[in-house]
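S.K.: Just need the structure, nothing else, for what follows:
(2 chains)
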Amino acid sequence: MPFKTFAKGLAAGLLAAVAATAALADYPEKPVTMIIPLGAGGSHDLNARVIASVLPTYLGQPVIVQLMPGSAGQIGTSAAAEAPADGYTILFTQNFIDQLQQHVAELPYDPNEAFVAVARTNFAAPSVIVRSDSEFATMDALLASAKADPGAMTFGHSGNWGAFMVPGAMMFNAAGTMPTLVPHKGGGPAMQALLAGDVDVSLAFDSVIASQGDAVRPLLTLDREAHYEGVPTAAEAGLEGLEDTSIMHRVVLVHRDTPPEALDKLRAAFVAMQEDKTYQKLLSSLGENAAFMGGAEYEPVRAAQGEAYGTLVRTLTGQ
Amino acid sequence: MWAELFSGLEMVLRPDTVAMTAAGLLLGIAVGSLPGFTTVMAMAVLLPISFFLDPLVGIPFLIGVYKGGIYGGSIPAILIGVPGTGASVATTYDGPALARKGKSKKALEMALYASVFGDTASSLLTILMIGPIALVAMRIGPPELAVVLAAAMAIIAVTASGPARKGILMLGLGCFVALVGQDPVHGVNRFTFDLFALQAGIDLLPLIIGLFAIPEILLAVEGKPKATPVARPEGESLTMAELRASGRTILRSTAIGAGIGAIPGVGQVVAAFMGYAAARRAARDPSTFGHGDLDGVAAPEAANNAVNGPTMVPLLTLGIPGDNVTAILLGAFVAQGLRPGPQLFATDAATIYALLFSMVIACILLLVLGRLTIPLFAKVVAIPRAYMVPLTLVFAVAGTYVYRSNPMDLVVLMGFGLFGYAARKMAFDVTPMVMGFLLIGPFEYAVSQTLSLSRGDLVGYVVAERPVTLILLALIAAGLAFIALRRRGPRTPVQT
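M.R.: All right, here's what the predicted structure looks like:
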């Protein structure tokens, strides 16, 4: 029956056209859900709360924060990958979940095929720290001791393949050694372990270091610029190529098949938000920088991270 | 110290602090009483409000939400047997039984008084002993924590109702269920059968709502309806004599809760179970427990609230949050430009004391607000069972789903619901199962950390560098021997 086939085809075509125009019409027409693949109360949650209270002004729709923790971020990420590619579900994640998990776990999604960057809202660069009464006064002394007897030195981090373990391991790896890695359930317990003398060296962000007063001493900062007087950056200490891979980038991703108009509007809203006084004030009171990077600009950084993390995982797991 | 203490007290005695604390408490009670809406979620959502308030208004507001939420969780636990939070699971043993006996008002009041006492006493203790508690927290590293957790599991298994072998079996089952999913240390998948939905593991909330609420619903469906409407189904108020009779239980639970709170990484749920188990062991007639004993409500509620004071210590003295709640409070501090830690304690101890006092003020306000709201909540029992049973099921299912929007959780809920029903019928106490489930993960993590730290020489490391672990091991061995002896005691026939 040619007519029936024709009618079916016509109907399907019409439906598709209607759907397409509806999606294009006036994005966003309804609230946007922002999935966080991490738990409540962490620094990522705090950043998300700030974004969710300011972004609506520039997007024209409310932003709903949905916490979906579990499986080192995979649960929330896979939910975002499975959500319709209509721009109404965005993912607020960080580079170690985004680009590292693919090398250590069987994922039901491919991060690079599933997502495209909307924005990098800011970054946090950790410093290598020891106790003030530590025998290591400089980074050179620490590395010399680590090289002499790698197993004897204990490096306490915030969890396997997390925001302190990866930069720390990359840094030691670049220096040609690998201490005993001791995982902790988050940055707080790792700091406590350092203070209690359970481990020799750890990593921490600036605001946490500041709150510890004289109790800890920074030896090296994993950033392009120095944060502390007399404390070298990784490059100054002769450890190359760590700048983009060993800091924590907070990134907003969206499904790669999102209509380009919606993606553009999302990206524009994040750019516009940077000028907001409340946004700047809240971020600075959280001790966060506002080093924004546009989504298109961040894409090559993502690719470089994926490669570097793959190399690191192969080195550490001996594959 | 005293000057700072008093200036701290002065700083929080202002009307706007008190008003916002009260507002936080009411919000917390409302959210906590809805199963599935956890106190942590309420705090995370309300956190941005505190960004825009004065620190000594915004943080007490969040403290109000927190305390209100914990108390709120005991309301559905008592009235309909659905634990609103993990901390109120142990309250479902005697709470609903009391409500069925027409004593729901007494049970709610007992929960309120025990909570307020446990919390106030532990907060005051914290204010006076902040230094020593901080020292204890600092001494507890991975090996010590592993020993404490193992001891907690052993104690619960042997003190559960029924024979110890049943308790140990349920403990093992709980441990097994907790192993499903990605292993917390290395991320290896265990017992997931390649199902991605199982990779995140089974969560506490669907497990406990399933184990405790679903059997309650099924038993209610089974039971014959009693067609005897009473004039006041919520019953009378608690009498002074009844409160005094539970005084010892409340004191004991407060001590247990505060002790557990001083050890980072154990928490309220364990404290509630421990308080309950200790009260039952100390009771003259333990057989009334589980069938509507007021002590059975007082014990877990005093214990889980007494945890609150000491858990604040690592946050305030070291800037290290021990759990989600303190992590959110840390966020509120930070957003105000206050970074808790040794630095803040040195420069601005008065503010820290002010915040500790605001916890005490929140307790006193909770007493007042609780008294005002109990008559409203107590009326729930007047709803006919034909509506109440399906409504409870709706609460249980909806509560499980809203928690993290994972459909798999509903399967888990129903599966453990049926399991819990069968366990009830065969007189298996599911408490050790919940404890095994809760504690095996942290235990595994602590053991794994200890192995990393010892670098292959476990015994040498513990003996040489961990004296506290050895002391704890000795204390626990003595404690278990004592329990075993007491257990055997009454069973030996008396020789005449």
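
S.K.: so where is the stretch 101-250 of chain A shaky, pLDDT-wise?
M.R.: For the stretch 101-250 of chain A, no stretch is flagged by pLDDT under 70.

S.K.: Quick one: distance of the lowest-mean-pLDDT helix or strand in chain B to the chain centre.
M.R.: The weakest-scoring helix or strand in chain B, judged by mean pLDDT, DSSP states H and E, is helix B:342-347 (a mean of 78). Relative to its chain's centre, helix B:342-347 lies at 30 Å (C-alpha atoms, centre = their mean, to the nearest Å).

S.K.: Could you see whether chain A lies near that helix?
M.R.: Yes - using C-beta under 8 Å from any C-beta of the partner chain, we find that helix B:342-347 touches chain A at B:P342, B:Q343, B:L344, B:A346. Glycine gets a C-beta too; all of them are placed from N, C-alpha and C.

S.K.: pLDDT on stretch B:364-384, on average?
M.R.: Mean pLDDT, stretch B:364-384: 88.

S.K.: which stretches of chain B have low pLDDT?
M.R.: Counting by pLDDT under 70, chain B has low-confidence residues at B:224-233, B:487-496.

S.K.: tell me the strands in it, going along the chain?
M.R.: Under the criterion DSSP state E, chain B carries strands at the ranges B:181-182, B:189-190.

S.K.: Tell me which strands the last one pairs with, and in which orientation.
M.R.: Which is strand B:189-190. Strand pairing for strand B:189-190, using DSSP bridges, gives strand B:181-182 (antiparallel).

S.K.: Check the offset of the partner strand from the chain's centre.
M.R.: Counting by C-alpha atoms, centre = their mean, strand B:181-182 comes out at 25 Å from the chain centroid.

S.K.: The residue in the stretch 51-200 of chain A that chain B sits nearest to - how many residues pack around it?
M.R.: Closest approach between the stretch 51-200 of chain A and chain B, counting by C-beta to the nearest C-beta: A:G70, at 3.2 Å. When neighbours are counted by other C-beta atoms under 10 Å in any protein chain shown, A:G70 registers 22.

S.K.: ok, now which ones touch it?
M.R.: Neighbouring residues of A:G70 by C-beta atoms under 8 Å, 6 or more residues apart in numbering or on different chains: A:P37, A:G76, B:Q199, B:A200, B:G201, B:R404.

S.K.: Pull out the buried residues from the least confident helix or strand of chain B.
M.R.: B:P342, B:Q343, B:L344, B:F345 (16 or more other C-beta atoms under 10 Å in any protein chain shown).

S.K.: which other residues reach that helix?
M.R.: So helix B:342-347 is contacted by A:210-215, B:316-319, B:338, B:351-352 (C-beta under 8 Å, 6+ apart).

S.K.: Spell out which parts of the stretch 51-200 of chain B neighbour chain A.
M.R.: Proximity of the stretch 51-200 of chain B to chain A, by C-beta under 8 Å from any C-beta, involves residues B:51, B:137-139, B:141-142, B:181-182, B:184-187, B:189, B:196, B:199-200.

S.K.: Quick one: buried ones out of those residues?
M.R.: Buried by 16+ other C-beta under 10 Å: B:51, B:137-138, B:141-142, B:181-182, B:184-185, B:187, B:189, B:196, B:199-200, out of those.

S.K.: Show me which residues of the longest helix along chain B are buried.
M.R.: Longest among the helix segments of chain B by residue count, using DSSP state H, is helix B:104-139. Within helix B:104-139, the residues scored as buried using 16+ other C-beta under 10 Å are B:104-127, B:129-130, B:133-134, B:136-138.

S.K.: ok, now stretch B:291-300?
M.R.: Counting neighbours by 16+ other C-beta under 10 Å, one finds that the buried residues in stretch B:291-300 are B:G292, B:D293, B:L294, B:D295, B:G296, B:V297, B:A298, B:A299, B:P300.

S.K.: which of the residues you listed lies closest to B:L26?
M.R.: Comparing the buried residues of stretch B:291-300 against B:L26 with C-beta to C-beta places B:V297 closest, at 22.3 Å.

S.K.: Would you check how far apart the closest one and B:F117 are?
M.R.: Separation of B:V297 from B:F117 (C-beta to C-beta, to the nearest Å) stands at 13 Å.
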